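Colleague: no sequence on this one, just coordinates:
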Ligand SMILES: NC(=O)C1=CN([C@@H]2O[C@H](COP(=O)(O)OP(=O)(O)OC[C@H]3O[C@@H](n4cnc5c(N)ncnc54)[C@H](OP(=O)(O)O)[C@@H]3O)[C@@H](O)[C@H]2O)C=CC1
Ligand SMILES: O=C(O)CCC(=O)C(=O)O
Ligand SMILES: [Mg+2]
């Protein structure tokens, strides 16, 4: 019996949204034959802004709140969602998107940076729900299972990506705080019963302000920690001085998107320390102009644009004067003069550190040359693993993608676990005490804080931890691979989790499995030692390491994390299939605009779709869906084997061309299978048409390249225009229309 099933496919931003326009018509040609409806749900940055201001829009401008819809859907055991990467917006990105929408005639308000009136405060509150990583935490109602499927690993071995050379004499290193950071102040408790606690601030006079009441579940772990503002600034100063003295380039790596409250503050301190004299001299004016260093030095350029020319030039000269006695800064775009301190969302640690390590420990300087780098990640908790990998590469040389083993990840992610759910419990403090107090007045945790210190609390619920341990045991069993729980003996939080993990493991059959608990440095060394011997090791980690490691290892192994299979088995039974583990690659859109070539690789989408279809097959007993899943995997394997992935070079096969080959191979696979003759017959014609016209279609897809492509918008491009750009082959379009 077949019941119609809907797969919700997200419409996001930038390169993935362009790719969707080309891929979906092909996918729909297949899924319609299995009675599966693919429904687009808009969770793009522009879509989320429009959905937040319905009262400002005409009826024909109003849009559905796609994120709220999908958020509810995660609670449905039948949920089947394919989630592409989306923009996690910094303030500059949000403002750019607002300006674009306004220019298109949407009467939405400006982002009030310093709201005074109640009305402005309300507008800012709506916008702050859209800022940073606002999508993933809503949808991720499950833990994370990310790995490189066999076919992908085989492809990387056959067609290895380039790897930079590592020299033993490399000056590159990770630099982090030794004292005064979150790591050195972490406290943690586990709730023996359900109950509520209060987060309180006590001023030096002893007055108590309740910041928040927090209902907690039985078995929930609650942490609190503090970063000293003074020690952070002293650290930045010393680190910049050391880089200057030793002639190494300076680079800051934070996650201002996901850690959307604490990391922009950290970023802002780096900006005001680096450009110290500038902020000392023009502090008052900057205050008046509304310069916010947390938005980067770009904010200074932005706000001084309206000043009289002579004043502006004076400030620009003062900016340049700062470079004289500071170390070289790593560049995001040396041609355009965009530095690492321009915008907080340009350098995102999970992708930027692996990219540097893959590149022999080098980043780009202002002259477009590569240079050894002091990679600064103030918070030492996780920064230490990068130093371990750097040491390892200095000793052993660069990893070899043709022989190295793989490190898949099982990540604790559900219900905003750990630091990634801490934004609504993060405070930039005044001097006094921050504490967590039980209902009966017992002080459970407490920190002395000084002006400007950052204090935060993190929650980890019991149910996700149990599910995570179970997922680790299941993956270890199914893949016959050792699993390492990365739990640091120096961390209060991890020691609370360790008790739970040990108890939980007792409840599972672990006979014959190789399961360990190790501190981070030990765990990464163990995994890398095995890896260079071609052996695989599952990393079982908390939420931040999930994010970091699922870029770090894939970027070494596969060149990009876009090629990962990324599954979120939802706690309520549904499934979310994320595509890859990387982002939305803004550089790729630029290339389309300039040369009409999209180098985005949709392999993550192909992999996600196959597991999504497999799930429909099982849950709905839909045999056709099961066949489509199997044949899609086979087609993806063939695509990799024949190297039909997009090339980076204009004129060569791009994203659209790789979609054509996927369609061709998929049709051929369905036509060739014998389990369902009706299905085979249905696709035989498509297979033949596509094969007969291969040369013509590939030529049509190449001929359009080499000239600029107009998308009519960046954040909110015109979908009809994008369709024309992304579907330029009349022959392919006709073949797909014929089967519909
Ligand atoms: N799941 C999610 O929703 C995520 C969203 N993001 C968002 O994405 C944006 C960019 O983040 P960033 O840190 O630069 O990370 P990205 O992963 O987008 O970029 C790193 C580099 O990886 C390569 N890459 C990534 N995906 C692909 C792909 N599918 N095909 C080919 N190459 C790929 C590109 O390299 P090259 O340019 O050399 O081709 C790219 O420049 C931000 O807005 C961020 O918030 C980031 C991570 C996850
Ligand atoms: O949601 C985000 O901002 C990024 C998520 C991410 O990097 C990841 O899950 O790997
Ligand atoms: Mg990531």
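Modeller: Received, thanks. All values reported here derive from a predicted model rather than from experimental measurement. Numbers count the residues shown, from 1 in each chain. Ligands and ions are numbered 1, 2, ... in the order given.

Colleague: And the next helix or strand past whichever helix or strand residue 604 is part of?
Modeller: Using DSSP states H and E, residue 604 sits in helix 603-619. The element immediately downstream of helix 603-619 (helix or strand, assigned by DSSP H and E) is helix 623-641.

Colleague: Please name the nearest non-neighbouring residue to the residue in the stretch 151-300 of the chain that ligand 2 sits nearest to.
Modeller: Nearest residue of the stretch 151-300 of the chain to ligand 2: residue 257, at 4.3 Å (CB to the nearest ligand atom). For every residue, glycine as well, the C-beta is placed using N, CA and C. The shortest distance from residue 257 to any non-neighbouring residue, by CB to CB, 6 or more residues apart in numbering, is to residue 88 (3.6 Å).

Colleague: what sits against that neighbour?
Modeller: 132, 133, 134, 135, 136, 257, 258, 260, 345 (CB atoms under 8 Å, 6 or more residues apart in numbering).

Colleague: I figured the last one hits residue 90, correct?
Modeller: Yes: taking contacts as CB atoms under 8 Å, residue 345 lies within contact range of residue 90: 3.5 Å.

Colleague: what sits in contact with each of the two?
Modeller: The contact lists of residue 345 and residue 90 share 256, 257, where a contact means CB under 8 Å, 6+ apart.

Colleague: does any part of the helix or strand hosting residue 550 sit near ligand 1?
Modeller: Assessed by DSSP H and E, residue 550 sits inside helix 543-558. No: against ligand 1, helix 543-558 shows no contacts by CB under 6 Å from any ligand atom, the least distance being 7.1 Å.

Colleague: How far off centre is that helix?
Modeller: Its chain's C-alpha centre and that of helix 543-558 lie 10 Å apart, by CA atoms, centre = their mean, to the nearest Å.

Colleague: Please apply the same query to stretch 427-434.
Modeller: For stretch 427-434, the distance to the chain centre is 30 Å (CA atoms, centre = their mean).

Colleague: can you list the residues that contact it?
Modeller: With CB under 8 Å, 6+ apart as the criterion, stretch 427-434 contacts 199-204, 211, 224, 226, 265, 446-456.

Colleague: if we go to 6 Å?
Modeller: Contacts to stretch 427-434, defined as CB atoms under 6 Å, 6 or more residues apart in numbering, come from residues 201-204, 265, 446-451, 453-455.

Colleague: now the end-to-end length of that stretch.
Modeller: Terminal residues of stretch 427-434 lie 9 Å apart, using CA to CA, to the nearest Å.

Colleague: And stretch 68-81, by the same measure?
Modeller: First residue to last in stretch 68-81 (CA to CA) measures 14 Å.

Colleague: What confidence value was assigned to the residue lying closest to residue 437 once chain neighbours are set aside?
Modeller: Nearest non-adjacent residue to residue 437, counting by CB to CB, 6+ apart: residue 198, 4.8 Å away. In this prediction, residue 198 carries a pLDDT score of 98.

Colleague: what about residue 198, distance to ligand 1?
Modeller: From residue 198 across to ligand 1, the span is 33 Å (CB to the nearest ligand atom, to the nearest Å).

Colleague: Tell me the pLDDT of residue 2.
Modeller: pLDDT, read off for residue 2, is 47.

Colleague: oh sorry, the question was meant for residue 306
Modeller: 93.

Colleague: need the residues of the protein near ligand 3, please.
Modeller: Residues of the chain found near ligand 3 (CB under 5 Å from the ion) are 350, 547.

Colleague: Kindly report the domain assignment for the chain.
Modeller: Per the record, the chain has its domains at 5-141+577-738, 261-338, by the TED database.

Colleague: correct me, but the residue of the stretch 151-300 of the chain closest to ligand 2 touches residue 134?
Modeller: No: in this structure, residue 257 is not within contact of residue 134 by CB atoms under 6 Å, at 9.4 Å.

Colleague: For the two, indicate the residue with more neighbours.
Modeller: The neighbour comparison of residue 257 against residue 134 (other CB atoms under 10 Å) goes to residue 257, with 24 against 21.

Colleague: Contacts only, for the more buried one.
Modeller: Neighbour list for residue 257: 88, 132, 133, 345 [criterion: CB under 6 Å, 6+ apart].

Colleague: circling back to that earlier point, filter the contacts of stretch 427-434 down to the ones in helices?
Modeller: Counting by DSSP state H, the part of the contacts of stretch 427-434 found in helices is residue 265.

Colleague: Just the buried residues from the contacts of stretch 427-434, in PyMOL please.
Modeller: In PyMOL, this line selects whichever of those come out buried by 16 or more other CB atoms under 10 Å:
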select buried, resi 201+202+265+447+449+453+454+455
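
Colleague: ok, the contacts of stretch 427-434 vs ligand 1, which is closest?
Modeller: residue 265 (18.1 Å).

Colleague: Good, wrapping up.
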